[in-house]
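S.K.: Take this sequence and fold it.
(chains A and B)
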Amino acid sequence: MKRLFAILAGLLSVTLATAQDMAPDVLVRSVSNDVLEIVRKDKDIQSGNLRKAVELAEAKVLPHFDFPHMTRLAVAKDWRKATPEQQKILVDEFRTLLVRTYSKAFVEYRNQAINFKPFKMQPGDTDVLVRTVVNPSSPNPVQIDYNLDMTEQGWKVYDIAVGGVSLVTNYRSSFAQEVSAGGIDGLIGSLRAKNKSGDGTVAAKR
Amino acid sequence: MASWAMLLAGQACAQDPRDPIEGFNRAVFAFNEGLDTFLIRPLAQGYDAVLPGPVRTGVGNFYNNIGDLFVSVNSLLQGKPGDAVGDASRFVFNSTFGIAGIFDVASEMGIEKHDEDFGQTLGRWGAGPGPYLVLPVYGPRNVRDAAGLVLDASTDPVGGIDHVPTRNTLTALRLVNQRANLLPADKIIEEAALDKYSYLRDAYLQRRQSLVFDGRPPREPEAE
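M.R.: The predicted model follows:
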């Protein structure tokens, strides 16, 4: 019995280790393909079930995102003004906002094909860009680029740019605006209000 | 009411150096939003609901095909003769085999579509973006792209049609079709933005910067 546990534990650590050692382009590719596959089969998500879309994101996508890094980038120069507690709240609220917004995008954009552009990486690189094109052979292809950096838990995505527009740094000026008007707590308040405003109404709209 | 509060807030706090006339821009933005809510979006929604998908794709292709001619000119002006040849051959194939551009046979043949316009050409030649501007109806621009827009419009074949009803119909259809293509993005922007004005402004500025560099703009330094 003990031996069985040892083997299971060994297997578990092996699978975790492979996820951590996975090259960044392979990681983005395997996660994207997994998600597309699931959305393709899941009738609930296709018909706009947002809660299921969020569950999918939580399980498959979000473990590969570095939300503290994203929040730091979005809050930019005001980050140092925040206390560690405020920083923690900012990360949580920003995470909620991004997850809600882009789980919605899952529902809106389904049945897509993804083309992965050739990936170049030097040995020892700790910050890379993985470039993809969604619907490459359509008249309206969309370029989606992922910035990843090497963390203690392996490669993590810290920015996504859609058609050259970063979903993270695009918040910089509205965040700076909030901080200059009401301080860090003002920004936290606006994020909370924004996150509350969508609760329930999201499902009701459909 | 909310927009007035925002207007005041915009003037009270630190100005974004890229947007020196923010108060004016916000007023035009509010006007455009009203126009969109009461006229353009309902038209686009009706259009989207009534026409079957393949017809909408055909309409989009028709305008894209006219556009390819100018994409080709701009590729050439930007010193990308290979792209220019590709764009021109897209126009030739789609105009003929694709029946006046309704079918995008060139994409199926694997000839890549590019996105170029005079604003990007000016950027390529080293013109800076200049201050941010919100134009009535046209929406976000910067000074460089507003100048490009004048050139784009003056060389636009649709604008050159002498028969006024045909010209107006084609212009209106193009607008409604473009708006309909953006309908799925509406909800995402509503969901994402704390302040829609600055969210769209920043997205526009990033997007144009990216297009000038053909999708590989230099990354901004991290302010940490």
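S.K.: Need the phi and psi values for B:Leu133.
M.R.: B:Leu133 has phi and psi values of phi -140, psi 140 when expressed as degrees, to the nearest 10.
S.K.: and it, what does it touch?
M.R.: B:Ile21, B:Asn25, B:Pro140, B:Arg141, B:Asn142, B:Val143, B:Ala146 (Cβ atoms under 8 Å, 6 or more residues apart in numbering or on different chains). (Each C-beta comes from the backbone N, C-alpha and C, glycine too.)
S.K.: May I ask which of those residues has the most neighbours?
M.R.: Greatest neighbour count in the contacts of B:Leu133, by other Cβ atoms under 10 Å in any protein chain shown, goes to B:Asn142: 23 neighbours.
S.K.: Distance of the residue nearest to it when sequence neighbours are not counted relative to B:Asp195?
M.R.: Once flanking residues are discounted, B:Asn142 sits nearest to B:Pro129: 4.3 Å by Cβ to Cβ, 6 or more residues apart in numbering or on different chains. For B:Pro129, the distance to B:Asp195 equals 21 Å [Cβ to Cβ, to the nearest Å].
S.K.: Give the residue spans of the chain that score low on pLDDT.
M.R.: Looking at chain A here, since you left the chain open. A:1-20, A:106-111, A:139, A:198-206 (pLDDT under 70).
S.K.: other chain: chain B
M.R.: B:1-14, B:219-224.
S.K.: per the record, what domains does it have?
M.R.: What automatic domain parsing lists as the domains of chain B is B:20-50+B:118-150+B:167-212, B:52-116.
S.K.: Tell me if the helix or strand encompassing B:Phe29 is near chain A.
M.R.: If you go by DSSP states H and E, B:Phe29 is part of helix B:22-35. No. Using Cβ under 8 Å from any Cβ of the partner chain, we find that helix B:22-35 stays clear of chain A, coming within 10.3 Å at best.
S.K.: Could you find the closest non-adjacent residue to B:Ala88?
M.R.: B:Ser72 (4.3 Å).
S.K.: residues in contact with that neighbour?
M.R.: Contacts of B:Ser72 (Cβ under 8 Å, 6+ apart): B:Ala84, B:Val85, B:Asp87, B:Ala88, B:Arg90, B:Phe91.
S.K.: neighbour-wise, which of these leads?
M.R.: B:Arg90 (28 neighbours).
S.K.: all strands for the chain, in order.
M.R.: No chain in the question, so chain A it is. Using DSSP state E, the strands of chain A run over A:114-116, A:127-134, A:142-151, A:154-162, A:165-166.
S.K.: was after chain B, sorry
M.R.: B:132-135, B:139-142.
S.K.: With distance to A:Gln112 as new columns, can those be given to me in JSON lines?
M.R.: Below are the strands of chain B laid out as JSON lines (distance: least, Cβ to Cβ, whole Å):
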{"stretch": "strand B:132-135", "distance to A:Gln112": "32"}
{"stretch": "strand B:139-142", "distance to A:Gln112": "26"}
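S.K.: So for A:Thr96, which of these sits nearest?
M.R.: strand B:139-142 (27.9 Å; Cβ to Cβ).
S.K.: just checking, what packs against that closest one?
M.R.: If you count contacts as 3 or more Cβ pairs under 8 Å, 6 or more residues apart in numbering or on different chains; DSSP states H and E, strand B:139-142 packs onto strand B:132-135, helix B:196-212.
S.K.: Mind putting these into JSON lines with distance to B:Thr121?
M.R.: Listed next are the helices and strands packed on strand B:139-142 as JSON lines, based on distance: least, Cβ to Cβ, whole Å:
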{"stretch": "strand B:132-135", "distance to B:Thr121": "19"}
{"stretch": "helix B:196-212", "distance to B:Thr121": "9"}
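S.K.: For the residue of chain A found nearest chain B, what are phi and psi?
M.R.: With Cβ to the nearest Cβ as the measure, A:Gly164 is the residue of chain A nearest to chain B, at 2.2 Å. Dihedral angles of A:Gly164 (phi, psi; degrees, to the nearest 10) stand at phi 90, psi 0.
S.K.: how many other residues sit next to A:Ala82?
M.R.: So A:Ala82, with other Cβ under 10 Å, has 21 neighbours.
S.K.: How about A:Leu97?
M.R.: Neighbour count of A:Leu97, defined by other Cβ under 10 Å: 21.
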